[in-house]
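# Got a predicted model here, sequence first, then my questions.
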Amino acid sequence: MTYDYDLFVIGGGSGGIATARRAAEYGAKVGLAEVGPLGGTCVNKGCIPKKLMVYTSHFPSLFQEAEGYGWSPVKSTLDWDKMVTAVNQEVERLNGIYQRMLDNSKVELYRDYGKLLDAHTIVVGEKQITADKILIAVGGHPVRPNIPGIENTIISDQMFTLPEQPKRIVIWGGGYIGVEFACIMHGLGSDVIQVIRRDKILRGFDEDLQSLIQESMEHHGIRILKNCEITSIEQTSQGLKIALQGEQNTEMVLADTIGLAATGRKPNLENLGLEKAGVEVKNGAIAVDKYSCTSQPNIYAVGDCTDRINLTPVAINEGRAFADTEFGGKPRLMSHENVPSAVFSYPEAATVGLTEAEAKEQYGEDAIKVYRSKFRPMYYVLPGKEEKTLMKLVVHQESDRVLGAHMVGDHAAEIIQGVAIAVKMGAKKADFDATVGIHPSSAEEFVTMR
Ligand code: NDP
């Protein structure tokens, strides 16, 4: 049987594009369908524009801190329009780069939705295309709780094109997106109220990290309403009327406010024709094995639509492992263990490996030794700021292996990326101890903890 393509990819986000290019490098004939701008959530509505806004939001504190070092006060205001334009211009530049990368790799791009007709046939717009192997990399989208007036909230996708800066923003949700936008918007000068349904933000993170980030956010002036649900949202002539239930049993009417629902994401599985192609869905995500293969042996899926670890580098790695295995003659698996990640909050946090609670659950309370260092970094001494950095190692006593490394503080993502290599390699605490610190730095604490 001959097919139009060796591989057809549905979805032109980070995972889809990386896979298409890798397979094409091995000589496969590859087609890809993407109706939206290239690069998917990460480039267009996620990591990239978010990080640019994170950078923007840091300047007011930098200006303040400069005074502690002897600089005269800086009076500066944010030109919202200019920021939005600059951020979106960068996104467009990246869209162009992705287009050129696909062209250079000779991946044929279809600017339409792709839908499965059967295990080897995809309908793209009006066209029927056949492929030996198919990769589904369609990502996910934000979801909002179904409460009265939820249409009065926006989702994270819209945060990058707001026509003007909200005086105030109410953010619902205490996950990555809620926390990052709470810190960004506060840094940019908006009043921020964050509503979370537990007592701590960032469920699943190490408790010490949760506590320090939350305390710091509150210390900076973000109001966090805990153990609290929003039951209705109404747009009135006086402003946004938000009814709360739980620890705060009240109704707030807030002028000049927008509401952001950051209450999670789910895979984009609608109208994909998965049943027709025999692709099984479990818990709202495409079910895959460790090779990212679905229940249909020639159809694979990577990234957020499989809801494993929803991070760009994971989707890329899953896709490249598939391409190396199926087209490169180099079978390999993507390891989902010890995947580092960061929260670009203020203060920033990053983490790799097991949390203290996970390690104790897995190995037993007495089997784990925890090393902690909490301090004010030297940088904040002259500005007189009480910002704290926390570093933490979770160690298995018997084997001396470092099971987890966690950090809250400036450059946490940059620092943990390096530490993650050691953790992934199975480094022992003794290896950390034998490493000479770089002085003076915050990072040296990771090799001097006793
Ligand atoms: P998360 O799942 O991280 O957080 C969702 C938040 O909304 C949680 O606090 C959750 O509470 C709360 N929530 C969910 N449903 C309800 C409800 N019905 N009522 C009240 N609260 C609710 O999702 P995000 O959208 O923040 O992020 C999605 C994913 O995107 C992340 O998991 C991550 O993989 C990725 N991401 C990564 C980033 C990074 O690497 N820096 C940045 C942004 C996103 P509870 O905890 O109680 O369930």
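Ah, there it is. Numbers count the residues shown, from 1 in each chain.

# Pull up the pairing partners for the worst-scoring helix or strand of the chain on mean pLDDT, direction included.
Lowest on mean pLDDT, DSSP states H and E among the helices and strands of the chain sits strand 250-254, with a mean of 95. Partner strands and pairing direction for strand 250-254 (DSSP bridges) are strand 239-246 (antiparallel).

# So is the partner strand next to the ligand?
No - figure legend: strand 239-246 not in contact with the ligand (Cβ under 6 Å from any ligand atom); closest approach 10.0 Å. All C-beta spots, glycine's among them, are computed from the backbone N, C-alpha and C.

# how about the least confident helix or strand of the chain: buried residues?
For strand 250-254, burial by neighbour count (16 or more other Cβ atoms under 10 Å) applies to 252, 254.

# hmm, who's touching it?
Applying Cβ atoms under 8 Å, 6 or more residues apart in numbering, the contact partners of strand 250-254 are 168, 170, 193, 236, 238, 239, 240, 241, 242, 243, 244.

# Now render these as CSV, adding distance to residue 255, pLDDT and neighbour count.
Formatted as CSV, the entries for the contacts of strand 250-254 read as follows, by distance: Cβ to Cβ, whole Å; pLDDT from 0 to 100; neighbours: other Cβ atoms under 10 Å:
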residue, distance to residue 255, pLDDT, neighbour count
168, 8, 97, 17
170, 12, 98, 26
193, 13, 98, 19
236, 10, 96, 10
238, 6, 95, 9
239, 4, 96, 16
240, 8, 97, 23
241, 11, 97, 17
242, 12, 97, 26
243, 17, 97, 17
244, 17, 97, 18
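
# Make CSV out of those and add distance to residue 39.
What follows is the contacts of strand 250-254, written out as CSV (distance: Cβ to Cβ, whole Å):
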residue, distance to residue 39
168, 31
170, 30
193, 32
236, 38
238, 40
239, 36
240, 32
241, 37
242, 34
243, 38
244, 37
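
# Nearest residue to the middle of the protein?
For the chain, the residue whose C-alpha lies nearest the mean C-alpha position (Cα atoms, centre = their mean) is residue 311; its distance is 5.4 Å.

# and that one, how far is that from residue 344?
Here the criterion is Cβ to Cβ, to the nearest Å. By it, residue 311 lies 13 Å from residue 344.

# Retrieve the pLDDT associated with the closest residue to the ligand within the chain.
Nearest to the ligand, among the residues of the chain, is residue 175, at 1.9 Å (Cβ to the nearest ligand atom). The per-residue pLDDT reported for residue 175 equals 98.

# I'd like to know how far it sits from residue 214.
When Cβ to Cβ is the yardstick, residue 175 and residue 214 sit 13 Å from each other.

# got it, and residue 240?
The gap separating residue 240 from residue 214 is 24 Å, by Cβ to Cβ.

# Check residue 371 too.
According to Cβ to Cβ, residue 371 and residue 214 sit 22 Å apart.

# Ok, residue 199 next?
Look at residue 199 and residue 214: by Cβ to Cβ, they are 9 Å apart.
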